[in-house]
Every structure is written in structure tokens, then in C-alpha cells.
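Trainee: The sequence and its predicted three-dimensional model are supplied below.
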Amino acid sequence: MESISTPRISSQLIDSYVGQNVMVVGKVQQLRGDTAVIDAEGQITANLNRDAHLVNGNAAQIIGKVLPDLSIKVMSSVDLGNNVDFKVAQAVVDATHQYRDLFVFDASKGGMMMG
């Protein structure tokens with residue numbers, strides 16, 4: 001079984017993760033059919049799956065694959081409600097990239113996935 005890492009990112013980092021699975025926490029700004037616009041330090045377009053039950057104005061956590069157009073094909077999503085501190089969510093993103101070896105699995109290094 002292959003281990004898959006889902007680094008936490010914001011829109012500022014998305015272009016470095018094309019073709020990879022990521023996790024994003026942000027505010028749902030717009031829902032239109034099977035697409036959502038998520039604000040995570042900038043806008044990210046999320047291509048939702050049938051299981052997505054997001055609410056406009058609420059926070060959401062999405063996990064999915066970054067496509068070449070920098071949208072995310074969502075594999076799973078969670079509505080986090082309206083009481084999320086986005087500064088804390090962004091601090092977690094920053095910490096996971098500052099201390100990348102602690103959070104991101106790197107099979108070539110035999111690393112450990114925690115985040």
C-alpha cells in the first residue's frame with residue numbers, strides 16, 4: 001500500500017502542488033452547481049463530488065488533487081461551520097511548510113506522515 005501525504009496549503013502555495021493531493025481549509029465564498037469557490041488566503045476553485053454538502057459562508061476542509069488549471073478535484077469535504085479562526089488555520093499551513101519533514105510523508109526518505 002502506498003502512503004499518500006496531503007499537505008495543508010493555501011492559494012499562495014497551490015501552483016507548487018499540481019498533480020498532488022492537498023488539504024485546504026477556507027471559507028466557502030460561492031457555490032455554483034458542482035463547483036465551489038473557497039477563500040484560503042486567496043480564491044481556489046473546488047470541483048465538488050456528489051458527497052459534498054458545503055454551506056455558503058461556512059468554513060470547509062477539502063482534500064483533493066490539484067489540477068493543471070490550479071483548481072482542486074475534491075475527493076472529500078467537510079463543512080466546519082461558521083466558527084473557524086482562519087488565522088489559526090493559516091498558521092497551521094505555515095507551520096507545516098516551515099517544518100515540512102514533521103508533517104509531509106516522503107517515501108524516498110522513509111519519512112512519517114502526521115499531518
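Mentor: Arrived safely.

Trainee: count of residues packed around the residue lying closest to A89 once chain neighbours are set aside?
Mentor: The shortest distance from A89 to any non-neighbouring residue, by C-beta to C-beta, 6 or more residues apart in numbering, is to V25 (4.3 Å). The C-beta positions use only the backbone N, C-alpha and C, and glycine is treated the same way. Neighbouring residues of V25 were enumerated by other C-beta atoms under 10 Å; the total is 22.

Trainee: ok, now A36?
Mentor: 24.

Trainee: Please, where are all the strands along the protein?
Mentor: Assigned by DSSP state E, the chain shows strands spanning 21-32, 35-39, 43-47, 59-66, 72-81.

Trainee: In the last one, which residues are buried?
Mentor: Burial within strand 72-81, assessed by neighbour count using 16 or more other C-beta atoms under 10 Å, is assigned to I72, V74, S77, L80.

Trainee: Could you pull up the residues touching I14?
Mentor: By C-beta atoms under 8 Å, 6 or more residues apart in numbering, the contact set of I14 is V22, I44, V66, L70, I72.

Trainee: contacting residues around the last one?
Mentor: By C-beta under 8 Å, 6+ apart, I72 lies in contact with I14, V22, V24, I44, T45, A46, N47, I62, G64, K65, V66.

Trainee: Nearest spatial neighbour of the second one, chain-adjacent residues omitted?
Mentor: On the basis of C-beta to C-beta, 6+ apart, the spatially nearest residue to V22 that is not a chain neighbour turns out to be I9, at 4.8 Å.

Trainee: Now for that neighbour, how many residues are close by?
Mentor: 24.

Trainee: What distance do you get for it to Q20?
Mentor: To Q20, I9 is 9 Å away according to C-beta to C-beta, to the nearest Å.

Trainee: Please apply the same query to V28.
Mentor: For V28, the distance to Q20 - C-beta to C-beta - is 23 Å.

Trainee: Flag every buried residue along stretch 55-63.
Mentor: For stretch 55-63, a neighbour-count test (16+ other C-beta under 10 Å) marks A59, A60, Q61, I62, I63 as buried.

Trainee: Contacts for it next, please.
Mentor: By C-beta under 8 Å, 6+ apart, stretch 55-63 touches 6, 21-31, 36, 38, 46, 54, 72, 74-82, 84, 86, 89.
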